[in-house]
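*Asks:* everything below, folded, please.
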Amino acid sequence: MMISAATPFILLGQNLLLLPQKAIYWKEQKALIIADVHLGKVGHFRKAGIAIPRDMEQSDLATLSDLIHEYQPQKLLFLGDLFHSDMNNDWDWFILWRSQFPSLQIILVRGNHDIIPDKHYQQLNIELHDELLLHPFLMQHHPLADEQLQGAEGYVFCGHIHPGVNLSGRGRQSITLPCFAFGSKQAVLPSFGQFTGKVAIRNQKTDRIFAVLKDKVMAIE
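*Replies:* This next block holds a predicted model:
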């Protein structure tokens with residue numbers, strides 16, 4: 001198995017590894033943090049008659065398994081939109097995947113797409129929260145507005161918007177890459193699922209932006 005080219009980043013005294021698989025490993029908590037997997041999205045589109053390769057979903061779960069084997073986390077934190085919509089056949093793949101890591105603590109901070117009844121997650125020993133404070137970080141799904149951030153209990157980690165950064169090269173070439181966006185009070189994670197889009201975000205000069213390439217994470221100055 002290939003070892004990740006992780007980029008270390010210290011935030012509020014906590015040691016984070018930014019991973020090219022679009023995840024964060026938090027050393028002090030021994031936790032993997034992931035946003036917007038959107039499992040079931042392939043099945044959702046296929047059910048609607050749109051031809052999508054079936055193995056895309058299994059590829060996301062395989063990547064997640066590789067990260068677990070590599071970093072041996074005690075916690076796996078999903079920052080919302082774990083499953084895309086109603087339960088479909090892709091849920092069976094998720095059940096099989098979960099059975100491979102029975103002792104792993106899995107936590108889901110609910111997102112707007114997480115509409116499957118709680119009992120199905122509870123049967124898989126998955127904890128459910130609307131938000132979760134793990135000092136000094138507050139785990140959310142939706143980003144908070146500036147006025148909300150002033151009263152937040154901790155530095156916010158969130159997803160939802162599938163952030164990207166637009167890079168321009170010579171000859172008017174440009175590309176939008178997934179990115180980690182760290183502001184003064186909030187970090188937005190890229191979407192983990194490969195069958196998701198990305199939206200170029202406007203960042204302030206004080207933000208730290210890290211673009212995600214195929215095999216590394218690169219700080220954007």
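*Asks:* in space, what's closest to the spatially most central residue of the chain - neighbours in sequence excluded?
*Replies:* Of all residues in the chain, the one closest to the mean position by Cα atoms, centre = their mean is residue 35, 2.1 Å from it. Once flanking residues are discounted, residue 35 sits nearest to residue 159: 2.7 Å by Cβ to Cβ, 6 or more residues apart in numbering. Just so you know, the C-beta spots here come from the backbone N, C-alpha and C atoms, and that holds for glycine as well.
*Asks:* same check on residue 209?
*Replies:* Among residues not flanking residue 209 along the chain, residue 220 sits closest, at 4.3 Å (Cβ to Cβ, 6+ apart).
*Asks:* what of residue 101?
*Replies:* Per Cβ to Cβ, 6+ apart, closest to residue 101 is residue 68, 6.1 Å.
*Asks:* helix/strand/coil for the one you found?
*Replies:* helix (DSSP: H, G, I helix; E, B strand; the rest coil).
*Asks:* the longest strand seen in the chain: partners in the sheet, and parallel or antiparallel?
*Replies:* Assignment by DSSP state E gives strand 174-182 as the longest strand of the chain. Strand 174-182 pairs in its sheet with strand 163-168 (antiparallel), strand 186-188 (antiparallel), strand 208-212 (antiparallel), by DSSP bridges.
*Asks:* part of a helix, is residue 29?
*Replies:* No. Using three-state DSSP, the assignment for residue 29 is coil, not a helix.
*Asks:* neighbours around it, how many?
*Replies:* With neighbours defined by other Cβ atoms under 10 Å, the count for residue 29 comes to 16.
*Asks:* ok now do it, which residues does it touch?
*Replies:* 74-75, 134 (Cβ atoms under 8 Å, 6 or more residues apart in numbering).
*Asks:* can I assume residue 112 is in contact with residue 83?
*Replies:* No. The criterion here is Cβ atoms under 8 Å, and residue 112 misses it with residue 83 at 11.8 Å.
*Asks:* who has more neighbours, these two?
*Replies:* Taking neighbours as other Cβ under 10 Å, residue 112 and residue 83 compare with residue 83 leading, 26 against 10.
*Asks:* isn't the more buried one up against residue 91?
*Replies:* Yes. If you go by Cβ under 8 Å, residue 83 and residue 91 touch, sitting 7.1 Å apart.
*Asks:* spit out the residues that contact those two alike.
*Replies:* 39-40, 116.
*Asks:* which one of these is nearest residue 130?
*Replies:* residue 116 (15.3 Å; Cβ to Cβ).
*Asks:* if we take the contacts of residue 29, which one ends up nearest to residue 64?
*Replies:* Nearest member of those to residue 64, counting by Cβ to Cβ, is residue 75, at 13.5 Å.
*Asks:* hmm, the closest one is touching residue 31, no?
*Replies:* Yes. Counting by Cβ under 8 Å, residue 75 touches residue 31, with 3.9 Å between them.
*Asks:* who has more neighbours out of those two?
*Replies:* The neighbour count for residue 75 versus residue 31, taken as other Cβ under 10 Å, is higher for residue 31 (20 against 16).
*Asks:* please name the bridge partners of the more buried one.
*Replies:* residue 26, residue 75.
*Asks:* got the contact list for it?
*Replies:* With Cβ under 8 Å, 6+ apart, residue 31 has these contacts: 25, 73-77, 134.
*Asks:* among the residues you listed, name the buried ones.
*Replies:* 25, 73, 75-77, 134 (16 or more other Cβ atoms under 10 Å).
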